[in-house]
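S.K.: Predicted coordinates and the sequence they were generated for:
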Amino acid sequence: MNKKAFSLIEVLVAVVILSTVAVLLFEISTNSKNNFSFLSKKGNFTTLASLPIMHSNYKYHHREIELYEFIKDSYDIKDDDLRTYLKDKKVHFTYEEFTSFSPLGDKDMQEDSSIPSFTIVFDKIEVYNKKQSTFVYKIYMR
């Protein structure tokens, strides 16, 4: 028998294989768009979290305030949509100060007067809304 064309079964198998590949490529494309959208939103939110670090004010420690209330004195915001967006974000500050610190926890080392005394200050700044949250530690010595 001399065969010059594809049989119906061969055509159906080829269609199934091509449609499976098309579905997988579509799914990969959709996942990439979702990942890009997530990373973009996370980057924007992290940028907002940097505002309290640049303008830290100790009168807000151990308080929860809106991000807009925190930065309204530093920036003249006239856009109502931006104001609403910033009011949706909350900022919470935590401040801890340690006057004696030993990485090994050795009390004799802490009482030794030959070791210079210093204070370690931990600031935890958390920015959050209903869907996302991020926090930053600011650590310094005095």
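M.R.: Now that the structure is in, tell me what you want to look at.
S.K.: Toward the C-terminus from the worst-scoring helix or strand of the chain on mean pLDDT, list the very next helix or strand.
M.R.: Across the helices and strands of the chain, the lowest-confidence element by mean pLDDT, DSSP states H and E is helix 107-111, at a mean of 54. Remark: after helix 107-111, the chain's next helix or strand is strand 120-128, criterion DSSP states H and E.
S.K.: where does Asp79 fall, phi/psi-wise?
M.R.: phi -80, psi 120 (degrees, to the nearest 10).
S.K.: For it, grab the count of nearby residues.
M.R.: The local packing of Asp79 (other Cβ atoms under 10 Å) involves 9 other residues. Glycine gets a C-beta too; all of them are placed from N, C-alpha and C.
S.K.: So which residues of this structure form helices?
M.R.: For the chain, the helices defined by DSSP state H occupy 8-54, 67-71, 80-88, 107-111.
S.K.: now this structure, which segments are flagged as low pLDDT?
M.R.: 1-3, 56-58, 100-117 (pLDDT under 70).
S.K.: Ok, which of the helices of the chain comes nearest Phe122?
M.R.: Among those, helix 8-54 comes nearest to Phe122, with 13.5 Å by Cβ to Cβ.
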